[in-house]
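Asker: Here's my sequence, what's the structure:
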Amino acid sequence: MGKKILFYGLIAGGILTVLFLLSHMLFMKNFSAEMWETGEIIGYSSMLIALTAIFFGVKAYRDKVLGGKITFGKAFTLGMGISAVAAIIFGIYVYFLYTAIAPDLSGKMIEIYREKIKTSGQTQEVISRQLEEFDKESTLWNNPYLQSFVMLLTVFMIGVVISLVTAVILKKRIPIIENTV
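Answerer: Residues are numbered from 1 along each chain as shown. The predicted structure follows:
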């Protein structure tokens, strides 16, 4: 089971990292609020695409190792393992993204959100209060460890949901052999 977890987790983490790196290279030249929103959609879609490796990993384990039968618990555990490996790989990528690949990314994101607050159409009093609150929180955005951990958790939690769905879809009861003696 460990080999399947590692193999499919590496596939999911690799796909996720490549998709995010490609989208980063495409969108960072003309970084804007619209591009950021498009990037978020692409990002979450990339997570879903990459984490389909959970389904394929559980199915391969069920069919090739367990002879076509798997319990919900074993399927869910396998999916969680694959999710954990993918999440760790992605968390490492995000750390390098914020420290080496695009160290100015946090600052660009902060400016986009500040601009969104300023152009929200709220009263000046509300905008001032929101900017003040945002400025207090924005220091967290400049922490690559926190960014990495948040993205690791995001991938893992999406993986938990996919693992649950996969376990429900792929479980096949192992028949209980009755003793007739």
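Asker: can we go C-alpha only for contacts and neighbour counts from here?
Answerer: Fine.
Asker: Counting neighbours, what do you get for the nearest residue to residue 63 once chain neighbours are set aside?
Answerer: Of all residues not flanking residue 63 in the chain, residue 69 sits nearest, at 7.1 Å (CA to CA, 6 or more residues apart in numbering). A count of nearby residues for residue 69, using other CA atoms under 10 Å, gives 19.
Asker: how far away is residue 69 from residue 119?
Answerer: Distance, residue 69 to residue 119, using CA to CA, to the nearest Å: 56 Å.
Asker: any idea which element the spatially most central residue of the chain lies in?
Answerer: Centroid-nearest residue in the chain, with CA atoms, centre = their mean: residue 155, separated by 2.3 Å. Using DSSP states H and E, residue 155 sits in helix 144-170.
Asker: Return the list of helices and strands in contact with that helix.
Answerer: helix 33-50, helix 53-60, helix 72-96 (3 or more CA pairs under 8 Å, 6 or more residues apart in numbering; DSSP states H and E).
Asker: now with 7 Å?
Answerer: helix 53-60, helix 72-96 (3 or more CA pairs under 7 Å, 6 or more residues apart in numbering; DSSP states H and E).
Asker: mind listing what's buried in the first one?
Answerer: This points to helix 53-60. For helix 53-60, the neighbour count (16 or more other CA atoms under 10 Å) marks 53, 54, 55, 57, 58, 59, 60 as buried.
Asker: count of neighbours near the residue nearest to the residue nearest to the centre of the chain when sequence neighbours are not counted?
Answerer: Spatially, and ignoring its direct neighbours in sequence, residue 155 is nearest to residue 87 (5.3 Å; CA to CA, 6+ apart). The number of residues packed near residue 87 is 30, by other CA under 10 Å.
Asker: Residue 87 and residue 57: what is the separation?
Answerer: 16 Å.
Asker: how far is stretch 124-141 from where the chain is centred?
Answerer: 27 Å (CA atoms, centre = their mean, to the nearest Å).
Asker: just checking, residue 91 touches residue 152?
Answerer: Yes: the criterion here is CA atoms under 7 Å, and residue 91 meets it with residue 152 at 4.6 Å.
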